[in-house]
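**Student:** Fold the stuff below for me.
(one chain, ligands or ions: 1)
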Amino acid sequence: MKYLTAGESHGKGLTAILEGFPAGVRIDCAAVDAELKRRQLGYGRGGRMKIESDSAEITAGLFGSVTLGSPIAFFIRNRDFEKWQAYTHPVSGDITQKKLTAVRPGHADYAGCRKYGFDNARPVLERASARETAARVGVGAFCKQLLSALGITVGSHVTEIGGQKSTARPLSAVGLNDRSDLSPVRCLDAEAEKKMIAVIDECMRSGDTAGGAVEILVSGLPAGVGSYAHYDRKLDGILARHLLSVQAFKAVEFGLGTAVAHTLGSHVHDEMAPSECGVVRNTNRAGGIEGGMSNGENLVISVAVKPIPTLMQGLKTVDIATGQATVAHPERSDYCAVPAAGVVAEAVVAYAVADALLCVTGGDDFDTIAARVQEMRQRAKVCAK
Ligand code: EPS
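**Tutor:** A predicted model of the protein is given here:
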């Protein structure tokens with residue numbers, strides 16, 4: 001599969017095209033919108049989320065809610081466009097009337113201006129904005145439904161905000177979002193949740209921002225997705241590439257992650273024992289991936305999210321119009337988007353896992369793919385005999 005997104009944060013809206021999605025998948029279109037709504041929630045968002053009410057207008061690739069195997073296209077309208085169209089209308093807008101030259105450290109503003117020769121960071125930030133992640137969540141929502149029909153579930157929860165850590169480590173993705181979505185910061189640890197909210201409150205008072213970390217679980221994925229045989233088919237490499245392409249995602253870990261650097265092998269690798277249904281393990285420190293392939297355990301992926309670079313208190317910078325020292329432009333933004341980042345990460349993981357799975361199964365239609373997934377599951381059992 002492949003997908004494209006287009007759209008500026010305050011332009012008309014976001015367009016996505018998902019190509020290579022199999023035929024014969026019945027899509028619950030309300031569930032696509034429900035995913036978009038989940039991304040809009042979370043404590044610490046700014047005023048924009050009160051303006052938007054994201055919904056995907058599906059324009060191609062389905063008849064009667066069933067996929068055709070043709071490219072799927074959808075559009076998510078930006079309500080804020082009404083206030084911005086004098087500047088951002090694709091035909092008549094004049095973006096020179098909305099200049100931003102006090103570039104924000106940590107944002108794409110400066111490098112983007114240098115790259116494209118702009119004297120105004122608006123065209124850069126309009127596209128670099130995390131608004132684009134709404135389109136990715138839409139794409140991921142289709143992939144989640146394909147995976148779900150194959151018995152594969154993706155879920156997430158927040159493990160850290162502003163240095164406050166959750167101790168919860170769920171054992172399955174099944175039912176995970178039902179619990180994490182109940183929390184305003186999508187955290188399963190009630191004590192940590194209070195402290196995370198307090199950190200965000202402090203950011204709102206002081207004009208600062210908070211980053212954090214999210215954990216994504218995938219349950220039900222059969223062994224053998226990805227490959228040890230060539231670098232570009234390794235599942236961990238594929239997942240890392242997709243996750244690190246998301247705005248503000250700065251690090252990706254699988255299982256024990258960076259702790260492998262200071263842990264001996266006897267406490268890193270997951271010992272195996274025979275069982276009726278193949279192999280059992282008491283630990284999953286590998287996070288479900290060995291040799292670039294799923295090994296039949298849950299995928300356990302952690303992502304570090306940086307604090308948003310738009311600070312109300314402003315950081316020291318240079319005005320690219322004058323070359324003079326100044327303070328970065330403070331404007332409406334989020335104080336913390338880590339809860340939403342979990343929803344985005346789920347979507348990106350769902351796409352990457354679905355794509356890697358289709359590479360292994362082949363097949364253009366759902367029934368062919370489902371039969372192949374069934375064979376992959378059977379093979380793990382047969383090996384044990
Ligand atoms: C963003 C700045 C804020 C966020 C936005 C990402 O938007 P605005 O400038 O309109 O206040 O709310 O995120 C979204 C709009 C969204 O849908 O997630 C940025 O600069 O990246």
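**Student:** so where's the longest helix in the protein?
**Tutor:** The single longest helix within the chain, with elements called by DSSP state H, is helix 338-361.
**Student:** Name the residues of it that are buried.
**Tutor:** 338-358, 360-361 (16 or more other C-beta atoms under 10 Å). C-beta coordinates here come from the backbone N, C-alpha and C atoms, glycine included.
**Student:** beta partners of residue 219?
**Tutor:** residue 153 (DSSP bridges).
**Student:** how many neighbours does it have?
**Tutor:** For residue 219, the count of nearby residues is 21 (other C-beta atoms under 10 Å).
**Student:** quick one: the helices in the stretch 251-385 of the chain?
**Tutor:** Assigned by DSSP state H, counting those that start in this stretch, the stretch 251-385 of the chain shows helices spanning 338-361, 366-383.
**Student:** For those, give me JSON lines that also has distance to residue 272 and mean pLDDT.
**Tutor:** Below are the helices of the stretch 251-385 of the chain laid out as JSON lines (distance: least, C-beta to C-beta, whole Å; pLDDT from 0 to 100):
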{"stretch": "helix 338-361", "distance to residue 272": "22", "mean pLDDT": "98"}
{"stretch": "helix 366-383", "distance to residue 272": "12", "mean pLDDT": "90"}
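**Student:** Dump these into JSON lines; add distance to residue 219 as well.
**Tutor:** JSON lines is the format used below for the helices of the stretch 251-385 of the chain (distance: least, C-beta to C-beta, whole Å):
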{"stretch": "helix 338-361", "distance to residue 219": "11"}
{"stretch": "helix 366-383", "distance to residue 219": "13"}
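**Student:** Look at the closest residue in space to residue 171 that isn't next to it in sequence and say how many residues are nearby.
**Tutor:** Leaving aside its sequence neighbours, residue 171 sits nearest to residue 298 (C-beta to C-beta, 6 or more residues apart in numbering; 7.4 Å). Using other C-beta under 10 Å, residue 298 is surrounded by 22 other residues.
**Student:** Could you do residue 272 as well?
**Tutor:** 12.
**Student:** Then the one 3 residues further on?
**Tutor:** Neighbouring residues of residue 275 were enumerated by other C-beta under 10 Å; the total is 11.
**Student:** Who does it form a beta bridge with?
**Tutor:** residue 278.
**Student:** Write out the residues of the stretch 201-350 of the chain neighbouring the ligand.
**Tutor:** 310, 332, 333, 334 (C-beta under 6 Å from any ligand atom).
**Student:** That should have said the stretch 1-150 of the chain, apologies.
**Tutor:** Counting by C-beta under 6 Å from any ligand atom, the residues of the stretch 1-150 of the chain close to the ligand are 9, 46, 48, 52, 80, 125, 129, 130, 131, 133, 134.
**Student:** go with 5 Å
**Tutor:** 48, 129, 130, 131 (C-beta under 5 Å from any ligand atom).
**Student:** quick one: which of these is most hemmed in?
**Tutor:** Going by other C-beta under 10 Å, residue 131 tops those with 23 neighbours.
**Student:** hang on, residue 160 packs against residue 212?
**Tutor:** Yes: counting by C-beta atoms under 8 Å, residue 212 is a contact partner of residue 160 at 4.5 Å.
**Student:** Residues that sit against both of the two, list them.
**Tutor:** By C-beta atoms under 8 Å, 6 or more residues apart in numbering, residue 160 and residue 212 have these common neighbours: residue 338.
**Student:** These two: who's more crowded?
**Tutor:** residue 212 (30 against 21).
**Student:** Now for the more buried one: which residues touch it?
**Tutor:** By C-beta under 8 Å, 6+ apart, the residues touching residue 212 are 158, 159, 160, 161, 162, 196, 304, 305, 336, 338, 341.
**Student:** run the last query once more with 10 Å
**Tutor:** Counting by C-beta atoms under 10 Å, 6 or more residues apart in numbering, residue 212 touches 44, 158-166, 185, 187, 196, 199-200, 303-307, 336-339, 341-342.
**Student:** Same check on residue 145?
**Tutor:** 25, 26, 27, 28, 29, 31, 32, 35, 67, 350, 354.
**Student:** please redo it, this time with the cut-off set to 8 Å
**Tutor:** 25, 27, 28, 31, 32.
**Student:** Low-confidence regions, the protein specifically.
**Tutor:** Low-confidence segments of the chain (pLDDT under 70): 382-385.
**Student:** Find the helix or strand that residue 213 is a member of.
**Tutor:** strand 212-219 (DSSP states H and E).
**Student:** Out of the residues of the stretch 201-350 of the chain next to the ligand, give me the one that has the most neighbours.
**Tutor:** residue 310 (24 neighbours).
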